[in-house]
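> missing the sequence, but the structure's below:
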């Protein structure tokens, strides 16, 4: 039986991605697509290891998610995307730590990555709130119509 922590993480991921797709705007949907792809691809490439513990392919996927978040942060006016990029930068730091660390650090690195993932999912939920509540996040066509009326 899966651990309660795994169940919590999986449920939070499903909830966050579902709400990002359902209630979010275009930036949230693009972020959700990137997060889904990263979740899927990371599982496929997890076995690719250099030197016993450096998962180079997962590190490459992590870099791609950081680039994706930075791109979205620069393109759209969403604060949560900027914070998600910062959180992903922390996750990327764990890959660097695995290059220099010993086997003793492995569980610290894994735990940090899990905490960062939960943080990004919580930021995604905040992103749904931002997309539906913030005046600057509303569709430009909607605000243009309201100015005409």
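Structure received. All values derive from a computational prediction rather than experimental measurement.
> contacts, neighbours, all on C-alpha from now
Fine.
> And the residue nearest the centre of the chain, what's its pLDDT?
In the chain, the centroid-proximal residue (C-alpha atoms, centre = their mean) is residue 120; its distance is 4.7 Å. pLDDT for residue 120: 97.
> That one: what's its closest spatial neighbour, skipping adjacent residues?
Counting by C-alpha to C-alpha, 6 or more residues apart in numbering, residue 120 lies nearest to residue 84, which is 5.6 Å off, once chain neighbours are set aside.
> And for residue 97?
Sequence neighbours aside, residue 109 is the residue nearest to residue 97 in space, at 7.6 Å (criterion: C-alpha to C-alpha, 6+ apart).
> elements contacting the helix or strand hosting residue 91?
Element membership of residue 91, judged by DSSP states H and E, is helix 79-100. Secondary-structure packing of helix 79-100 (3 or more C-alpha pairs under 8 Å, 6 or more residues apart in numbering; DSSP states H and E): helix 56-75, helix 106-133.
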